[in-house]
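In: just need the structure, nothing else, for what follows:
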Amino acid sequence: MPERGIQVVTGGAGFIGSHICQILLKRGDRVRILDNFSSGKIANIEPFRTEYPGQLQVCKGDIRDPVTLAQVMEGATTVFHQAAMVSVQESVENPLEANSVNLEGTLKVFQAAKEAGVRKLVFASSTAVYGSSEELPKRETMAAQPLSPYAAAKYGSEIYGRIFSTLYRLPVVSLRYFNVFGPRQDPTSEYAAVIPKFISRMLEGKRPVIFGDGEQTRDFVFVEDVARANLLAAEADEAGGLALNIATGQRYSLNDLVVILDEILGLDFHPVYEPARLGEVRDSQADILLANKTIGFVPEVAVRDGLRRTVEWFKANG
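Out: Purely as a prediction, here's the structure:
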């Protein structure tokens, strides 16, 4: 195996970041995590120290600190930038902090990577950049219409990614994640995603809560496929400066999810329906052709199989 140098994962103790770390460690890489543990959890990565002795280094710090970034980037060949304020609603409530972390912080990561001579940077963007357009499926050629500070910062970071790719010769690939789910996703957060909330409630014997009629649809993608997409983007030769959809290209309604989870859990729960939330996107579905052509991405885990594996993890981990 050729020498790959050190792989840096910002936000590596988080939900998606820890899965990226796990794949890197499994293939034999040395991994350096930078995380301030505002949403990441040491429990997500602690088992890696035993399983992959000597391969993992964990640095507690903030992506906005240039001194910390310079230390973390030393000797790195690839950076997977996952660290962020992850909640859209939190960004609405704290737009200055969202801008500071998600745009200014990302720019500082790009700059530090450039100064350290990093070979490639993969940035975690979001489907939120598309806004409320009703056109389906979402294609990368569509105009961005960010409707929140979170989405604006993600799109601004994509623009900086293109600039660094062309002006500074640091290839940056932006991956627009759709609705990611899987093991280690936190159901207890005020801003938790729908699948961990559904599973945790159903395992407690409670009916899942749906805001609206439940017919709103999402393109759900299993976290291991997302982590694998990051590695494919890091190794692709022609992807610098691009933004790519990472999803399955299929959509399921929230009512569909409840039916599937009922089957997996052997239950017959009917959802509790609450009034729809203002501003919620009705439907979402990705076109993933560009990601397939550019980095060879093909989702491998079907939603039903991913849900089964997620339920098993929740059962095993309380």
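
In: contacts only, for the closest residue to N102 other than its chain neighbours.
Out: On the basis of Cβ to Cβ, 6 or more residues apart in numbering, the spatially nearest residue to N102 that is not a chain neighbour turns out to be A153, at 3.5 Å. C-beta here means a position set from N, CA and C on the backbone, and glycine is covered the same way. Contact criterion Cβ atoms under 8 Å, 6 or more residues apart in numbering gives 91, 98-99, 101-103, 106 as the residues in contact with A153.

In: apply 7 Å and report the result again.
Out: Contacts were defined as Cβ atoms under 7 Å, 6 or more residues apart in numbering; by that measure A153 touches 98-99, 102-103.

In: can you check N179 too?
Out: N179 neighbours (Cβ under 7 Å, 6+ apart): 218-221.

In: including distance to S39, could the residues you listed go into JSON lines?
Out: Formatted as JSON lines, the contacts of N179 follow (distance: Cβ to Cβ, whole Å):
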{"residue": "R218", "distance to S39": "21"}
{"residue": "D219", "distance to S39": "23"}
{"residue": "F220", "distance to S39": "20"}
{"residue": "V221", "distance to S39": "20"}
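
In: and which of those residues is nearest to R282?
Out: Of all the contacts of N179, R282 sits closest to R218, with 10.1 Å by Cβ to Cβ.

In: got phi/psi on that closest one?
Out: R218 has phi and psi values of phi -140, psi 150 when expressed as degrees, to the nearest 10.

In: hey, what's it bridged with?
Out: Here R218 sits in beta bridges with Y252, as judged by DSSP bridges.

In: what about it, how many residues close to it?
Out: 24 (other Cβ atoms under 10 Å).

In: just to revisit the earlier point, and which of the contacts of N179 is nearest to F297?
Out: Proximity to F297 was ranked across those by Cβ to Cβ; first place goes to V221, at 10.4 Å.

In: wasn't that closest one part of a helix?
Out: No. Counting by DSSP: H, G, I helix; E, B strand; the rest coil, V221 is located in no helix; its state is strand.

In: since we're on it, how many residues are nearby?
Out: Burial of V221 is recorded as 27 neighbouring residues (other Cβ under 10 Å).

In: do I have it right that it meets N245?
Out: No. Under the criterion of Cβ atoms under 7 Å, V221 lies out of contact with N245, with a separation of 9.7 Å.

In: where do the contact lists of these two overlap?
Out: Residues touching both V221 and N245 (Cβ under 7 Å, 6+ apart) are F178.

In: which residues in the stretch 51-200 of the chain form strands?
Out: 56-60, 76-81, 120-126, 172-177, 179-181 (DSSP state E, counting those that start in this stretch).

In: by mean pLDDT, point me to the weakest helix or strand of the chain.
Out: The helix or strand with the lowest mean pLDDT-type score in the chain, counting by mean pLDDT, DSSP states H and E, is helix 88-93 (a mean of 92).

In: packing partners of it?
Out: helix 149-166 (3 or more Cβ pairs under 7 Å, 6 or more residues apart in numbering; DSSP states H and E).

In: distance of the residue of the chain positioned farthest from its centre relative to R207?
Out: In the chain, the residue that sits farthest from the middle, by Cα atoms, centre = their mean, is D268; the gap is 31.2 Å. Computed as Cβ to Cβ, to the nearest Å, the D268 to R207 distance reads 10 Å.
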